[in-house]
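Engineer: My questions concern the predicted model and sequence given below.
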Protein chains: 4
Amino acid sequence: MTEENKYNAPQEVKDLNIINTIELEDFAKEIVPSGGFDYMAGGSGDEFTLRRNVSAFNQKGILPRIAADVEFPDTQTKIFEHNLKVPFIMAPIAAHGLAHESKEAGTAKGISEFGGTIMSISAYSGASFEEIEEGLAGNPRWFQIYMSKDDELNKNILDEAKADGASAIILTADATVSGNRDRDTRNKFVYPFGMPIVSRYLTGSGENMSLNNIYGQSKQKIDLKDIQFIKHYSGLPVFIKGVQTPEDAMAAIAVGVDGIWVSNHGGRQLDGAPASFEVLEEIAEVVAGRVPIVFDSGIRRGEHIFKALASGADIVAIGRPVLFSLALGGWKGVKSVFEYFENDLKRVMQLAGTQTITDVKNARLKDLK
Amino acid sequence: MTEENKYNAPQEVKDLNIINTIELEDFAKEIVPSGGFDYMAGGSGDEFTLRRNVSAFNQKGILPRIAADVEFPDTQTKIFEHNLKVPFIMAPIAAHGLAHESKEAGTAKGISEFGGTIMSISAYSGASFEEIEEGLAGNPRWFQIYMSKDDELNKNILDEAKADGASAIILTADATVSGNRDRDTRNKFVYPFGMPIVSRYLTGSGENMSLNNIYGQSKQKIDLKDIQFIKHYSGLPVFIKGVQTPEDAMAAIAVGVDGIWVSNHGGRQLDGAPASFEVLEEIAEVVAGRVPIVFDSGIRRGEHIFKALASGADIVAIGRPVLFSLALGGWKGVKSVFEYFENDLKRVMQLAGTQTITDVKNARLKDLK
Amino acid sequence: MTEENKYNAPQEVKDLNIINTIELEDFAKEIVPSGGFDYMAGGSGDEFTLRRNVSAFNQKGILPRIAADVEFPDTQTKIFEHNLKVPFIMAPIAAHGLAHESKEAGTAKGISEFGGTIMSISAYSGASFEEIEEGLAGNPRWFQIYMSKDDELNKNILDEAKADGASAIILTADATVSGNRDRDTRNKFVYPFGMPIVSRYLTGSGENMSLNNIYGQSKQKIDLKDIQFIKHYSGLPVFIKGVQTPEDAMAAIAVGVDGIWVSNHGGRQLDGAPASFEVLEEIAEVVAGRVPIVFDSGIRRGEHIFKALASGADIVAIGRPVLFSLALGGWKGVKSVFEYFENDLKRVMQLAGTQTITDVKNARLKDLK
Amino acid sequence: MTEENKYNAPQEVKDLNIINTIELEDFAKEIVPSGGFDYMAGGSGDEFTLRRNVSAFNQKGILPRIAADVEFPDTQTKIFEHNLKVPFIMAPIAAHGLAHESKEAGTAKGISEFGGTIMSISAYSGASFEEIEEGLAGNPRWFQIYMSKDDELNKNILDEAKADGASAIILTADATVSGNRDRDTRNKFVYPFGMPIVSRYLTGSGENMSLNNIYGQSKQKIDLKDIQFIKHYSGLPVFIKGVQTPEDAMAAIAVGVDGIWVSNHGGRQLDGAPASFEVLEEIAEVVAGRVPIVFDSGIRRGEHIFKALASGADIVAIGRPVLFSLALGGWKGVKSVFEYFENDLKRVMQLAGTQTITDVKNARLKDLK
């Protein structure tokens, strides 16, 4: 990348006074280079699924229970060995460096300063494990793998993640090729920097490569045996991410998966798929508590977290709002947005008459017309 | 509050020629200071519930019965010992002084001059009982309590309300903290004047305090025992306000509540809740006439009153349209808007073929697509 | 009405090249004085029912039968003793003089020149029977009565209508007072000319009087006995117009009504009512062919006529498109719009695979999401 | 057509870099003469059915199966004796010369260069069989007939089509007259060139004639015997095109039709009909695999192809996107758009977890609200 083409990622580090996370997208658009912004904000196809991920929350209404004797709602929950202070974590996202020069290390530091949650590290991170650790400072982390076609390289990557302290592996199975993202195609978007973790299986570092190119060099033929391979080799709990059907949830449980991650990749992969929220409840019904369910795609408000938990999720993961906050305020911005969600969720819990996360999960929602 | 920051509330007193109450919001926006206007007009979160409160009336159609031998429809009804000339009353709303310098006394005078209805006095009134009485002039009133954390202070407040002549107490239970109101947060809104009734339990008068601050100093842990406490201490009938589920209605009736107030606080508290109208019918079914039902949130036209009554409400309460009318015309504006609703309801009753309020309550509505 | 306030109704007489009838409204708006235009085009309340009258046709889809051996579809049908060349007639509408200086006589001449259909004459006509006859020239006509509070005057009116040759009486029962029409209220609309037919029971000619005033002087207490009164006194078949429920249809049939007219008065009376098309099918099911059904409100295209007939109407009546055509081209405009509908219906019948009106009535529609 | 009125069809030949096919319409609008553009892009009536053809795909969501062991999805399929490399073909469309001076020969060459699919030749082609063959170069083709009222002429046309190598005949039965196309009426659109194939039964070549005129000279009374006539005379398989009901599908199968073509003519014929996609599934259920089903109307993305196949279509036909591509890039544009759909479908198949077209047809869709 020549000097004159240099990608000028935002650099500011500051606390954010967040009114709501929807407008963060507009603010980020003003300061992030357009190719990077479109990559982060955009979806595939008509962006039908992207929009629906948020709007589908309006298909169900929260029924507040009043006179419920609630005060200081308790947002603590637990997943695997982790005691969380909030039921939401960082979603795995590639290339945080598009948002801020601090890259994933900035996000990690924001999360670490917030505390009591989990960082998901994408295999397509623009920062190395070592760089991320500078921000993460021992905070829990999960590792999201994009597999190589070569299992020996996968072993190497898993070794490295495990050495880094990852306590679970997330197998993203809904992204064996890139979604048809019109914005990126129009922008001829290529990553302005490399991806240290997967560069071992790329022909090149990742820099100046398109997502299509990178996905093409990773493994397409993901199947249930990959869950078993990762689980047995790493000895770590394995999530399968991108689950949108009861059938896939059941099949993954049958081969020993440790967690179901309901997601449509933020509307970035298969457009024309239902909203992630639209498929959650029926998946939760068949999972029936056997393994935990993580939910992502579309979370913008505390009400959304509430509705996802009440529909069967155990925890939710947050993506774009964190990335936009990283762009706007670096690690302090990330900390701000986690605090925003914590406060907003507590307020919703108080108003809905739910003292604990268990109460939230037992809350009844109303189907709206 | 320094002189230069003085809140310049409208002062004009005049009759209003009301075409419809929807446009009153636009007219009020032109003359009310923006912070006050946004506080009055705004809702929480995405304002989904705020908008839906009005639009949900379109989910059901009035089926006019023609050739029904109707003339001069009779809008009289009764609730408790009160004979009302119309089936609608004033909703409890805080801080009328934001709309007009006459504060709650102006509203009270407008209601008193209209006659045959009930004033609800909010504990967050900007005027004292004595000031309100100047306008109310003996007209019936109910008192809406926001409870202190200290029951001795609650007793003092109830004593004062009873001495003022309140004939029922409204326990608002859907507002134990403030909703997440983006407009107020953006405006850094604080009340420009104090709240005499609850100032006894506030650290300060209320002036220059935010809603979050004030709610925070009131009681969060509202439960069914509070209904009993208020009822037994005051000897007055008690409404529980903010009911949105059959479960809460049944629980409140089981502990002796005297009336159910179906409301979502005008979309100001928990966004993502259903429209108030959407939950009315199923609540009315379980209440089954054992206690009266008051309905608010979204009433803008006579048709809305009709649909609420036909869905199970005994009377409805009107909020924002009155406040905007107060802003535009002081007490005369309030009288004008009550007259508007009376005329509009009579017209709707005539056209729908319903001679009496009982006929309205027995009318069949059609579910629309 | 002083000279300077004179209502300048359009005067041009010309054939219209009609592309569609929706845009006729826009064209008419340019030439009709605004008060008159709003009176004609507007509806009551939020105009929810007005808009829905047209959009509700999209709730059902025509299922074309292909390879149906159709050529030169036959639009002839019969109602009572009248052989019609098309299954649509003129709806009763007040005050055509707002649209064109030729008043109802212009409409009548257009219909007469088209031939094979029926003119409905409103009791609120701005032209006298004699003036209308100049245009109608012996063509069939029905008379729509707005009743006086005084039955002797009603007898006089019926005598006059019968003498004029009316072959049926339409009792409009959905308009015992005026709908709440915001546009007219805002415009302080009064009729710029008198109403010769009902002036016998008005205090004044009708000129410079509001609709509220005029409706107020007519009879409110319409009931089923009025059907019997009109039928027995006039000896003519009687329609009840404004039927929106199966209950009213059955009740009217029980007292001997000769035809059911399903209508919501073009969305001008009770806003918040369902679209006229939305209630048609269930009414037709209970009428079950015992008496004919006329349908109006919302017809703008041949497809709409088709859908109404396939949902149980025997004939439809057309209102605003005719009035706008009258404004744009006088009697020639009226003839043009009748021709437009005839051609459009024939095309729809051909494409839907229906040779006759009976075929249309037997066509299956598909409920759309 | 005089020189100064000459229709200036685009002439450029170039590869297209297609981001999506929706925006092709906007690009084409800039270079195609407006009358021709409106003819191609427009629909009938309110264009309700035109718009719904695309939006109705959002009524069902693709449920991606992940971890499905898919790589290099195989889009091959077979219809009759044709092995296709993709499950989509060219829809029959009149007058390609409106889009590009190369007329149907350009489209044919694009298809031939792409290979592995089928060209549908419309009887209303602006090019002769001989001219089209220059582009088609032996590639498979089907012939869509608009019948003459004179069966001897129909025999001549069928003879010619057969001699040209057509391997099936498509009887378009949903277009016995022209739809009511407001745009064409407004533009007074006439074809700027003749139609060599049907000119034998027209009074004139087709040049300067309106669609209404041309349709009027073709046969209206299409019925099931025409299927038999064409089949027996030509000895070729016969499709009936325009099927929108299970009834018509069953009736056509009963008389020996060889394929059902579900279509509403791209929303150009009967407005107010359901979207083509909305009727597909119920037709496929009754056809039950006895004959193949071709689907058209509304295909704009790979997701749409997927949803149509998963709802019962065997192959789909693509219309407007090809025509706009022809306008923008001549035969190279046509090849580009076929390549676009191939790539997009493969991506969708990979992401949906479907290795073969059979997998696609067995995929489960989710009904969306």
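Structural biologist: Great, that's in hand.
Engineer: Look up the closest residue to the residue in the stretch 101-250 of chain A that chain B sits nearest to, ignoring the ones flanking it.
Structural biologist: Closest approach between the stretch 101-250 of chain A and chain B, counting by Cβ to the nearest Cβ: A:F114, at 19.4 Å. Yep, even glycine has a C-beta here, placed from its N, CA and C like the rest. Nearest residue to A:F114 in three dimensions, chain neighbours excluded: A:F338, at 4.2 Å (Cβ to Cβ, 6 or more residues apart in numbering or on different chains).
Engineer: thought the one you found was touching A:T117?
Structural biologist: Yes - counting by Cβ atoms under 8 Å, A:T117 is a contact partner of A:F338 at 6.7 Å.
Engineer: Neighbour count: these two, which is higher?
Structural biologist: A:F338 (26 against 23; other Cβ atoms under 10 Å in any protein chain shown).
Engineer: Report the separation between that one and A:K361.
Structural biologist: Applying Cβ to Cβ, to the nearest Å, the value for A:F338 to A:K361 is 21 Å.
Engineer: check which helix or strand covers the nearest residue to A:I18 once chain neighbours are set aside.
Structural biologist: Residue nearest to A:I18 in three dimensions, not counting chain neighbours: A:Y340, with 4.4 Å by Cβ to Cβ, 6+ apart. Applying DSSP states H and E as the criterion places A:Y340 in helix A:320-352.
Engineer: I'd like to know how many residues surround the residue nearest to A:G126 when sequence neighbours are not counted.
Structural biologist: Nearest non-adjacent residue to A:G126, counting by Cβ to Cβ, 6+ apart: A:G97, 3.8 Å away. A:G97: 24 surrounding residues under other Cβ under 10 Å.
Engineer: what sits against the residue of the stretch 51-200 of chain A found nearest chain C?
Structural biologist: Nearest residue of the stretch 51-200 of chain A to chain C, counting by Cβ to the nearest Cβ: A:Q59, 14.5 Å away. By Cβ atoms under 8 Å, 6 or more residues apart in numbering or on different chains, the residues touching A:Q59 are A:277-278, A:367-368, D:369.
Engineer: hmm, try it at 7 Å
Structural biologist: Listed by Cβ atoms under 7 Å, 6 or more residues apart in numbering or on different chains, the contact set of A:Q59 reads A:367-368, D:369.
Engineer: do you know how far it is from chain B?
Structural biologist: Distance check for A:Q59 against chain B: by Cβ to the nearest Cβ, to the nearest Å, it reads 11 Å.
Engineer: Just want the angle from the helix or strand in which A:E104 is found to helix A:320-352.
Structural biologist: Under the criterion of DSSP H and E, A:E104 resides in helix A:103-114. Orientation check (axes from the mean of the first three to the mean of the last three Cα atoms, to 10 degrees): helix A:103-114 against helix A:320-352 gives 20 degrees.
Engineer: Tell me which strands the helix or strand following helix A:103-114 pairs with, and in which orientation.
Structural biologist: Using DSSP H and E, the helix or strand that follows helix A:103-114 in sequence is strand A:119-122. Strand A:119-122 pairs in its sheet with strand A:141-145 (parallel), by DSSP bridges.
Engineer: what does the strand it pairs with contact?
Structural biologist: Strand A:141-145 is contacted by residues A:92, A:118-123, A:157, A:161, A:165-172, A:230 when judged by Cβ under 7 Å, 6+ apart.
Engineer: now do stretch A:217-232
Structural biologist: Under the criterion Cβ under 7 Å, 6+ apart, residues A:145-149, A:151, A:158, A:169, A:171, A:173, A:176-177, A:201-203, A:238, A:240, A:251-252, A:255-257, D:67-71, D:350 lie in contact with stretch A:217-232.
Engineer: Of those, which belong to helices?
Structural biologist: Counting by DSSP state H, the part of the contacts of stretch A:217-232 found in helices is A:151, A:158, A:251-252, D:350.
Engineer: Any buried residues in the lowest-mean-pLDDT helix or strand in chain A, and which?
Structural biologist: Taking mean pLDDT, DSSP states H and E as the measure, chain A has helix A:211-217 as its least confident helix or strand, at a mean of 93. For helix A:211-217, the neighbour count (16 or more other Cβ atoms under 10 Å in any protein chain shown) marks A:211-215, A:217 as buried.
Engineer: Need the max-distance pair from the residues you listed.
Structural biologist: A:L211 and A:Q217 (11.0 Å; Cβ to Cβ).
Engineer: Show me what from chain A comes close to chain D.
Structural biologist: Counting by Cβ under 7 Å from any Cβ of the partner chain, the residues of chain A lying close to chain D are A:45, A:48, A:59, A:173-174, A:176-177, A:179-180, A:182, A:185-186, A:220-224, A:226, A:240, A:242-245, A:247-248, A:252, A:269-274.
Engineer: I'd like to know how far the residue nearest to A:I18 sits from B:V177.
Structural biologist: In terms of Cβ to Cβ, A:Y340 sits 16 Å off from B:V177.
Engineer: for A:P237, same thing?
Structural biologist: In terms of Cβ to Cβ, A:P237 sits 37 Å off from B:V177.
Engineer: ditto for A:Y146
Structural biologist: Taken as Cβ to Cβ, the span from A:Y146 to B:V177 is 43 Å.
Engineer: Compare these two and say which one has the larger neighbour count.
Structural biologist: Ranked by neighbour count (other Cβ under 10 Å), A:Y146 and B:V177 place A:Y146 first, with 25 against 21.
Engineer: Could I get the contacting residues of the more buried one?
Structural biologist: Applying Cβ under 7 Å, 6+ apart to A:Y146 gives the contacts A:123-124, A:172, A:198, A:218.
Engineer: could you dump those to TSV with pLDDT and neighbour count?
Structural biologist: Compiled in TSV, the contacts of A:Y146 are given as follows (pLDDT from 0 to 100; neighbours: other Cβ atoms under 10 Å in any protein chain shown):
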residue	pLDDT	neighbour count
A:A123	97	23
A:Y124	97	23
A:T172	94	25
A:V198	94	24
A:S218	95	21
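Engineer: Need the max-distance pair from those residues.
Structural biologist: Using Cβ to Cβ, these span at most 12.3 Å, a distance reached by A:T172 and A:V198.
Engineer: before we move on, the earlier item: C-terminal to the helix holding A:Y340, what's the next element?
Structural biologist: helix A:357-362.
Engineer: near chain B at all, the next helix or strand after that next one?
Structural biologist: Downstream of helix A:357-362, the first helix or strand assigned by DSSP H and E is strand A:365-367. Yes - judged by Cβ under 7 Å from any Cβ, strand A:365-367 comes into contact with chain B at A:K366.
Engineer: Give the other helices and strands that strand A:365-367 contacts.
Structural biologist: Counting contacts by 3 or more Cβ pairs under 7 Å, 6 or more residues apart in numbering or on different chains; DSSP states H and E, strand A:365-367 packs against strand A:60-62.
Engineer: Now find how far off-centre the strand it packs on is within its chain.
Structural biologist: 24 Å (Cα atoms, centre = their mean, to the nearest Å).
Engineer: The following helix or strand past that strand - which strands sit beside it in the sheet, and in what orientation?
Structural biologist: Using DSSP H and E, the helix or strand that follows strand A:60-62 in sequence is strand A:77-79. Strand A:77-79 pairs in its sheet with strand A:82-84 (antiparallel), by DSSP bridges.
Engineer: Can you give me the buried ones in the strand it pairs with?
Structural biologist: Residues of strand A:82-84 classed as buried: A:82, A:84 (neighbour count, 16+ other Cβ under 10 Å).
Engineer: Check the offset of it from the chain's centre.
Structural biologist: On Cα atoms, centre = their mean, the centre of strand A:82-84 falls 17 Å from that of its chain.
Engineer: ditto for stretch A:213-229
Structural biologist: On Cα atoms, centre = their mean, the centre of stretch A:213-229 falls 19 Å from that of its chain.
Engineer: Over to stretch A:359-369?
Structural biologist: 24 Å.
Engineer: which outside residues touch that stretch?
Structural biologist: Contacts for stretch A:359-369 (Cβ under 7 Å, 6+ apart): A:58-63, A:306-307, A:309-311, A:349, A:352, A:354, B:59, B:274.
Engineer: got it, and stretch A:283-294?
Structural biologist: In contact with stretch A:283-294 (Cβ under 7 Å, 6+ apart) are residues A:79, A:239, A:243, A:246, A:249-250, A:253, A:257-262, A:311-315, A:317.
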